[in-house]
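[1] Just need the structure, nothing else, for what follows:
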Amino acid sequence: MIDNKGRVAIVFGVRNESSIAWDVALKLHRSGCKVALSYMPDTQKEVQYLMEQAGMDTNLTAEVDVRNELEITSFVQKVHNELGNIHYVLHGVAWGRQSVMCYTLPGSTDPAPEYIDIPFEELMDSFNISAYSLLRIARVVRPYCAENASILTLTYNASQRVFPPYAGMAINKAALENIMLYLASFFRDKKVRVNAISAGLVMTTSAGGINGVRKLRKMGKFTAPLGNIEASDVGDAALYYFSDLSKKVTGNIHFVDGGFNIMGIGIDGE
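    Below is the predicted model of the structure:
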């Protein structure tokens, strides 16, 4: 078992029990880490309930819009004032409107929005939340980080391959990965490592609302050498990055997708 006693972590991106970020937070807590979670107005009760059930300190929460640097700063300073230097940060935030991701709603007969028609302002808002927020969070936590701290973000293989129902969000993931690489170089003097986990398709609440996701899961079941993954598989990998085991690993994109990313064609399981 990884021993994180005395370590402090901040996790951005927990919505509910199905969130990958929640599995990471729970595993950090079980490893001995003090964990602080952000929430949005519509997720506050759920986040604090999960923390309470897990025996985590519900005082270590705050409403944070990752587009707002002042809210991030207030939260990070609160955690630092109460617990000391921050060792681990998870950026698990992503969001885009239907017009950005170009998908149809389950049961809808309306055609999906077209990629070529993605509205600029809506794309920029999703970019702000899903990609630039990593840079913003890193900038805020910089003076509060312990030496050899670890920053981790969550990405998806659509940054490198075409997944039509992901569309504009794929632009954000490509940008996110590039931001991660440059941050890994930037933080060299403080020995802070910055990495990304490229997770396979997990049936989170957000993913469940996208038409075609279940078809992709079915394809992944047969195409990926090790089959589909669950949130817990990502949490296990994240714990490696949130430990001294990864102290010399930075700028890495770590695939946790059952090997789906190595395949050149889909395999029909029928």
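
[2] For the helix of greatest length in the chain, buried residues please.
    Using DSSP state H, we find that the single longest helix of the chain is helix 167-186. Under the neighbour-count criterion of 16 or more other CB atoms under 10 Å, helix 167-186 has 167-177, 179-181, 183-184, 186 buried. Where you see a C-beta, it was placed from the backbone N, CA and C, and this is true even at glycine.

[3] What number of residues are in the vicinity of the closest residue in space to Arg193 that isn't next to it in sequence?
    Leaving aside its sequence neighbours, Arg193 sits nearest to Thr250 (CB to CB, 6 or more residues apart in numbering; 3.8 Å). The number of residues packed near Thr250 is 21, by other CB atoms under 10 Å.

[4] what's Thr250 in contact with, if anything?
    Listed by CB atoms under 8 Å, 6 or more residues apart in numbering, the contact set of Thr250 reads Ala184, Phe187, Arg193, Val194, Asn195.

[5] hmm, try it at 10 Å
    For Thr250, the contacting residues are 150-151, 180-181, 183-185, 187-188, 191-195, 241, by CB atoms under 10 Å, 6 or more residues apart in numbering.

[6] do Thr73 as well
    By CB under 10 Å, 6+ apart, the contact list for Thr73 reads Val64, Arg136, Ile137, Arg139, Val140, Val141, Tyr144.

[7] Name the SS class of Asn148, please.
    strand (DSSP: H, G, I helix; E, B strand; the rest coil).

[8] Kindly indicate which of the contacts of Thr250 lies nearest Ala131.
    In terms of CB to CB, no member of the contacts of Thr250 lies closer to Ala131 than Met180, at 9.6 Å.

[9] what about the nearest residue to that closest one once chain neighbours are set aside, which helix or strand?
    Leaving out its chain neighbours, the residue that sits closest to Met180 by CB to CB, 6+ apart is Ala196, at 4.9 Å. Take DSSP states H and E as the rule and Ala196 turns out to sit in strand 193-199.

[10] Check which helices and strands that strand is in contact with.
    helix 20-30, strand 86-91, helix 133-141, strand 145-155, helix 167-186, helix 231-241, strand 253-256 (3 or more CB pairs under 10 Å, 6 or more residues apart in numbering; DSSP states H and E).

[11] What is the last one packed up against?
    So the one you mean is strand 253-256. strand 145-155, helix 167-186, strand 193-199, helix 231-241.
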